[in-house]
Structures are given as C-alpha cells and as structure tokens.
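> Structure of the sequence below:
(chains A, B and C)
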Amino acid sequence: MGKNRVAIVGTGQTFHKSHRPDVNGQELINEAVQAALKDADMKINDIDAVVIGNMDHFEGINYVDCWSVDGSGGVMRPIIKLTTGGTTGSTLAIGGYHLVGSGLFDKVLVIGWEKNSESDTTGAITPAFAPVWDRLVFAGAISGLAVEAQSYMAKYGATDKDGARVSVRDRKHACNNPHAQLRKEVSIEEVLESPVLADPIHLLDVCPRTDGACAVIMASEKYAEKIARTPDWIWGTANRHKYSYLGDVNWGELDSMAEAAGEMFEKCGIKEPRKEINVIEMYQPYSFAGIIWIEDMGIVERGKGAEYIWSGATDMGGELPINPSGGVIACNPIGATGLIRCAEAAMQVMGRAGDHQVPDVNHAVSTGFGGCMWTDILLHGKQKPQI
Amino acid sequence: MERAAIIGTGMTKIESAKHTETFADMAWEAVNKALDDAGMTIDDVDNVVTTSNDFWDGRTISCMAVGDASGASHKNVSCVEGDGTFGAFYGLSRALSGSYGTTLVTAHSKGSESISSLITNASFDPIYDRWLGMDMISASAMQANAYMERTGTTSEQLAMVSVKNHGNAVKNPLSQLPMSISVEDVLGSEMISDPLHKLDCSPVSDACCAIIIANESRVPAYSGHPVWIKGAAFCSDAYFLGDRDISRAKALTEAAKKAFSMAGITNPSKEIQVAEIYDAFTYQELMWLEEMGLCESGTAGSMLEKGEFDIEGRLPVNPSGGLLGGHPVIAAGLIRIVEIVKQLRKEAGEYQVDAKRGLAHGVNGLCGQSHCVWVLDSEG
Amino acid sequence: MGAGMKNTFDGIEPLVHKSQISVPYHWWAGETASRFFVELRDTTKIMGTRCDGCGKTFVPPRKTCPVCFTENTEWVECGPFGTVTSFTVVRKQQEALHHKVPVIFALVLLDGADTSLLHRLDEVSPEDVKIGMKVEASFNETRDANMTAIAYFKPAS
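This is a model prediction of the structure:
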C-alpha cells in the first residue's frame, strides 16, 4: 500500500460509438479530458502531469503521446506514455497512482483512448505474438479466449448457455449507462442464435469495436479533499504480466487474476472479498470470463461461478453487482477500456454513477485484462486507507 | 523528493546488428549484469518497468517480448513507451510511492530489424503531414538549419561534435562506432539532408540497458555502489513543428530548470561537472547544451572549438561517445544515465573524468519535442 | 548471452525471418480537418482557426486551442503568400520519400497565421532557398480534398 494517499477526484468519458468520423484522435481525447476537468471543477493549468496510453498499432501513429498533446493538455507539461496491450487502461490508472503517490506530482491527468474504427483490429493484434513461434498460428484474440472457455467447460461442465447469461446481464446493465456503446438488451436465445465466431463463443458473447476516450484525475491527499466532496481513495494495486508464449498458458484458469487479486486483497486487509467488496467493474472481454475470473478473484469457489451468476447475485440489486456500466461487452475502446473500469468504479464510490449507481458502496474493484492472459487490479474505497 | 539511488547498472554492447540475440536475449544480458552489479538476485527486485516502442520492435505490446527475461514472473510490472529516461522516471516514482523499495528498469530496441525512415515517418501526423514522406532525418535537418540561422553556429562546429564523440568512442569498449576522424572527413561525407552529412547523424543500433533504483531505506541492503538521484523532470512542447520555434527547445529549458531546482543547483554551467546528452545529430549536442542552460545561447559552438566540452575540458560532454558513437533508440537515454553512473563511481576506465555531479538527458518525439533531465550525484 | 550459450552458435548460420506488419488504416480527419480540405479543393482557400482567448490563428486548423483549451469557433482565411521559417533539402533518397531527390521541405508561415505549415517547395533551385524568403501556394489543377490539393509552394511572384 502507498505511503502517500492518492484519490480519484474526477472522471470523464466520451459517449462511446462504433466510429467517430467527426473527430480525429486528439479531438476525441480532448472531449474526455474536458469532461473530467468539468467533473472535478478544475482547469487544465491545475494539472501537473499527463499520463496517456493506447495500443499504437490500432491508430498507426508512432510516439502518440507527442502527437496528441493538442487534445490531452500536454503542451508545456510533463507527458509520459504507458502501454501494455489490453491492460493499458488499468496500467495507466496504476501509473497515475504511483506518480502521485511518489510525491513527484500532486494532480495527474490519466488518459486512455482508442479509435478502433481506424484499423483492422485482428491485423493489429496478431503482431503482439512472437514472429517466429506464435504469430503464424495465432488467429486473433477471439481464438485464444475460445481455448480458455473450452478448457473451463471441459473441467467444470459449463455450457454456452452459462456464458449467455453473463451477456444478458451486462447488456441489460448498459441500458442505464449513457456512455456505453451498445444500449439494447439481448436474450439468452438471441445470444445462442448469434453466429459462432470460435466455438463456443457467439457474436453476442464478445465485445464490440469502439472509438472512445476516458480521462481520470488523481490527486494527492493534500488536494483531494479540497477538490472532491467524496474522493475515491485508491487502496492498492497489483498486476501480473507473464506468459510470453501461447503454449505456456494454464488455459481454463486465470492465474494472473488469482495471483494479482490475492496480493492486493492481502496487502489491503480484505479477508472476504465477497462480503467486503460492494461492486466490481471487471475487464471482461467475453461472457465466459465473467464466470471463470470471479473464481480466480476469490469471490466464489472454483467451479461455482455459473451458479453464482444464475442466482442473480451479480445483477443490479444483487449482493455483489458486476459491471453496472455494462462492461466491455457493451463497449470496448481498448486503450481506454481498463481506465473506464477504473472510472466507473470511482463513480460508484463517489456516488456519481447516476442511473447505474449501486447503493452504499464502500469498496469497489476495477480490473484490466489483455496481452497473454494478463491481469491488472485496483481496490477503490470511500474511506481513507491505513498507511 | 525523497532520497533514492541507482544501485546497479548493466548494458549490452551497442552494435549495428545483433544477429544471434532476440529482444529477450538482450534483456537477459543487461538485467543479469545489473543484478550482479548491485549484488542482488531477481528476488530482491520488487517491481519491473520495461521501456520499448511497438513500431521500432514491429510488435504490438512490445513489452511482452522482454517481460519474462526481465523478471516479470510473479512481480508487479509496467511498460513505458518512450525514451529510457522516461521509463526510469516512472521506475523512480514506483520506488518512492511506498508500494515498492526497488525497481528494475530496462530499455531496448533493435534498429537493425526495421527501416528507420519508415518508422520515424510514422510519427508524422497522418492527416496533415505524413504524406510528405519526411522522417527523423529531414525533420532534424530543418531544425539544424533554423538553429544555425538563429545562432550563427557553423557546419564546421557541427562537424567538431562528430570528431569529438567518435573520438571519445575509441575509449569506450561498448560503443559501436569508435573512429578517429577530422572535420574534413565529416564535411566530405555524403550529404543526407542539408545541412546534415552522414557523419553528422547517429547510426541506428541494437542494444539493451538496465538499471536498478532503490529508495533510501533499501540502499544499504545491497553491495551496489549507490549514485544518488538529486533531480529528475520532464516536459513536452507542442507537437506540430510549425507550432514551435524549432530553433529553441522550450520544453528542455523547463525540464532542466525543474531538475536543477530539485537538486538545489543555482548555477548549472558551473555545478554540473559531466554531461551525457542526446546527440542524435551533431547540432543537437550544441543546441541542447544551450537550451538547458549549461552555456549561454549561441556560444556552444565556440566553446566546443576551445575544447571546453572535451574529456579534458571544463565540462566533458558525452565522454562515452554519445549517440553518435551508437544509437539504440529507446535504450539511448537510459544508457546516458548509466554512463553518468559510471563516471560518478569512477568506473569509466579510459574515458573517466573527474566529477561528483553529472547530468543525463533523453528525448522523445520529433526535433526534441519532449525532454527528460536527470541530475545525479556521488553523494546523497 | 549467458556464458554457457557462447559455443552453441558456432558454425550455425543465424536465420532471418522476414515479415511485415500489414495493418491498413483509414484515419478519420474529423470535421475541422475536413472543412480545411474541402476549402482547399473547392475554393483554393487556406483556412485557419482562431482562438478567442490568446488570439492565435492555427494553420493547419485546430478544433480547440492547445493552450487555452477552449473551442476555436472562428475560421480565418490565410495565405496564399507566406514566409519560409525553415527548410531542408533532402539529397539522399530515404525510404519514406515518394519524390526523387533533391526534395525541399519547408515550414511556411502564411500571412495571417501564427503557426507554420509543413510542405514542399518547388520551382526553385535548392541553392536559392533562404530562411525568410517569400513564397506562395501553387494549387493543382484538379484537386482532392487533402493536403496534396496544394502541390507545393514556389517563390512569390
């Protein structure tokens, strides 16, 4: 846990869409930044430093942190880029936390963004894998996730209907989130009838491609309470980015989630996550992850994920709502997605989630996913953490 | 800023093409050298920050290629995309935020594996500028002209930077291009883009570099000889070349001012005793020295002529040979930090200078849009 | 490399795997750039946007002022004459270059603008180019709505 307390004091997002032809990338970024500044009632000159990220090959611009300064507020300001694939958004949130926690900056603007409509997503993801060993057989992100789902189903007897129940939940939640891209409910039948992309994953089990940006303002304790009435305190962060070759992955269990969540809960003093966490914004790129990864997070026992979901416990109104924003299945501007999870968790703690507010939130968890089955995780809280 | 030190460093040799090593092999070499230097094992490293660039590596999520070889397994990690000095800054913040006591920072690239003109052309705005077909060299040449026009710096003075740095590289066994050349050799070398001749330009190289940063409480636990971080700051200017006066580097002036202030330095040209700065092109060494306040504007060329920046001079600049001696993009700035650490520990062998306090500098973006300045001291 | 590996590669030719990243892009210009390009194509006017706060006129136009952070609502006609603020003559063919060398690139500060436009110079010999010289935009006869609508800048007549 940090020695200097850090809190989120404002968030902003664009209204995410499948494509935004009316703006270029830095103009899109500017929308989210202006929204965050407004939320925090701050001006750009109040910001000490900017941290920004996306996945380069989705926009085809090298040194994008330099390129986007017009929109990000980086002109004559410190600006630094972090990027770790799909986990970029949450990696950025963790970055803001350390930059403020170190005492080197007091108020940091964190920006995640992506304009997926500008490129071929699969074409751009495939070069993540080793050119000599893996790239020739890798067929895009979906195929990897299908392998995970198949492995889990073989071990625990889950079916694609269980996956569909997660899609139904998140798509329903998205209807109350004005920023989400897809705001129409789907039924179990519709999910199962939608085209199969890679067995057992149907079209309606996975995330869309999105143009969107998100900005989060983090502040040191000295400033946080002056800026926000109810700051969202970052209690701790953890991540695991390993597995460089596809054959090394333990398919069917998300080891990186188990390790990262375990470390974070332990150092933050959370003993029973299911009881102590009030809401989770999980980077869940496809439905089955919603069943498997809550087991790895320690919410429920191995093999019990589907049962927990079917009980309604993770729906709005349930004991532990997951993805009240609609999550990644409703909206996925990749470089922003992990940061949107963080922003949405912050909105829950700060009481600013409007129609998708979960009542009485004390602790929230936000996660990031990407790369080769990587996990980032953050713990948010209404109370100040012990340090 | 709380106290932190660099307690270990390691780097591969800088070469034009490392045919037998992958990114991971280079990282393995640099990281193990840094651990040995610090008297640590990988278990003593609390967290890892790698630095790389997806375009240069030809890999989306370029950090994935080096994670395992950098000890990412079972650790908290992150990746900065930008020059190594920026990666080191983030690594420093992680050692100061209370979460970790030691951070391993790595930076790498293999320029030999891509076509640099195309890679740097990709940093031009796709809507307004990229169609022109410019790259880092033509953009920098334009800046060199503007700088020379404003200050009266001559092509001969630029050539002297090349003579000095390639000559310094002769004494540095890790450099790529040790050469004993003359001003005539530089001016007679092929003209790439007015006013930059081939010998005015750094090569594009392969290398990896690693450092280990520890906060004050952890320094005594390891045998590595600490070099203390007294100041570190960065700043970016506007993006479009036409938005800036490219004969100036406002962002560098700002970053340097902040770093000097953190270090309690009021007279940098007297108090900095050695400097490793980002000489991707000859004119840049002179221009950055002026803009960061190590000498008056327009005077760097004549000071160079008088020998003030030589190894035996008043303020040795790039005693390692600098980027002209070998330029692995991304690793470049981290290597500048490592070279200052060597100097302050008196481990620079044949190119050792007498210094207790030094400056390391790195750059991101076209024509020095964004700069990161470090002030290091042998004493805490 | 680790010491144990040193002899492993003796007598073995390192293999080179040739590949290319193939990601096609189409970048949305956005409304601001689109208006700029449409004017170039349809009226041969070079338009900039002006910030109410600091009064700066940007060419190429910007939707928001990067410093004041407010929306630029005023469109201002700039050029077609301008001044060269810096330039270079590329002598050695680089892979990114489409034209054959020598190619002259320049930053041109158009009359009425506060930022310079990056472009190419032609109808002038490299030896005659000077910082501070006056130039004018030379438009193509048939034009697309993009930067190539201006073929190059030439010495002002």
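
> Give me the most central residue, chain B.
Compute the mean C-alpha point of chain B, and by Cα atoms, centre = their mean the closest residue is B:Gly333, 2.1 Å away.

> residues in contact with that residue?
B:Asp83, B:Gly84, B:Thr85, B:Phe86, B:Ala88, B:Ala107, B:Tyr278, B:Ala360, B:His361, B:Gly362, B:Val363, B:Cys372 (Cβ atoms under 8 Å, 6 or more residues apart in numbering or on different chains). Where C-beta positions appear, they are placed from N, C-alpha and C, glycine not excepted.

> How about it, nearest residue that isn't a chain neighbour?
Once flanking residues are discounted, B:Gly333 sits nearest to B:Gly362: 2.3 Å by Cβ to Cβ, 6 or more residues apart in numbering or on different chains.

> give me the element that neighbour is part of.
strand B:357-364 (DSSP states H and E).

> show me where the chain has strands.
Using chain A. Ranges of strands in chain A, per DSSP state E, are A:6-13, A:49-53, A:79-81, A:107-115, A:196-198, A:201-202, A:211-220, A:232-240, A:279-281, A:363-370, A:374-381.

> Chain C, not that one
C:46-50, C:57-58, C:74-78, C:81-90, C:103-110, C:117-121, C:134-139, C:150-155.

> packing partners for the fourth one?
The contact analysis (3 or more Cβ pairs under 8 Å, 6 or more residues apart in numbering or on different chains; DSSP states H and E) places strand C:81-90 against helix B:136-151, strand B:191-193, strand C:103-110, strand C:117-121, strand C:134-139.

> now the ones you listed in a markdown table, with mean neighbour count and mean pLDDT?
Shown next, in a markdown table, are the helices and strands packed on strand C:81-90 (neighbours: other Cβ atoms under 10 Å in any protein chain shown; pLDDT from 0 to 100):
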| stretch | mean neighbour count | mean pLDDT |
| --- | --- | --- |
| helix B:136-151 | 24 | 98 |
| strand B:191-193 | 23 | 98 |
| strand C:103-110 | 24 | 98 |
| strand C:117-121 | 23 | 98 |
| strand C:134-139 | 18 | 98 |
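
> residues in contact with the residue of chain B found nearest chain C?
Taking Cβ to the nearest Cβ, chain C has its nearest neighbour within chain B at B:Gly242, 3.2 Å off. By Cβ under 8 Å, 6+ apart, the contact set of B:Gly242 is C:Val59, C:Thr85, C:Leu107, C:Leu109, C:Thr115, C:Ser116, C:Leu117, C:Leu118.

> Ok, A:Ala7 next?
A:Ala7 neighbours (Cβ under 8 Å, 6+ apart): A:Met218, A:Ala219, A:Glu221, A:Ala224, A:Ala228, A:Pro231, A:Asp232, A:Trp233, A:Ile234.

> Out of those residues, which end up buried?
Neighbour-count burial within the contacts of A:Ala7 applies to A:Met218, A:Ala219, A:Glu221, A:Ala224, A:Ala228, A:Pro231, A:Asp232, A:Trp233, A:Ile234; the criterion is 16 or more other Cβ atoms under 10 Å in any protein chain shown.

> Excluding residues flanking it in the chain, which one is nearest B:Asn240?
You called it Asn, but residue B:240 is Phe. In space, and not counting its chain neighbours, B:Phe240 is closest to C:Thr115: 6.5 Å by Cβ to Cβ, 6+ apart.

> Quick check, that neighbour in contact with C:Lys56.
Yes - judged on Cβ atoms under 8 Å, C:Thr115 makes contact with C:Lys56 at a distance of 7.4 Å.

> coming back round to it: just put the strands of chain A in JSON lines and tack on mean pLDDT.
Formatted as JSON lines, those follow (pLDDT from 0 to 100):
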{"stretch": "strand A:6-13", "mean pLDDT": "98"}
{"stretch": "strand A:49-53", "mean pLDDT": "98"}
{"stretch": "strand A:79-81", "mean pLDDT": "98"}
{"stretch": "strand A:107-115", "mean pLDDT": "97"}
{"stretch": "strand A:196-198", "mean pLDDT": "92"}
{"stretch": "strand A:201-202", "mean pLDDT": "94"}
{"stretch": "strand A:211-220", "mean pLDDT": "98"}
{"stretch": "strand A:232-240", "mean pLDDT": "97"}
{"stretch": "strand A:279-281", "mean pLDDT": "98"}
{"stretch": "strand A:363-370", "mean pLDDT": "96"}
{"stretch": "strand A:374-381", "mean pLDDT": "97"}
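
> Pipe these into TSV and attach distance to A:Asn176 per row.
Converted to TSV, these look like this (distance: least, Cβ to Cβ, whole Å):
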stretch	distance to A:Asn176
strand A:6-13	15
strand A:49-53	28
strand A:79-81	33
strand A:107-115	22
strand A:196-198	27
strand A:201-202	24
strand A:211-220	18
strand A:232-240	20
strand A:279-281	14
strand A:363-370	17
strand A:374-381	20
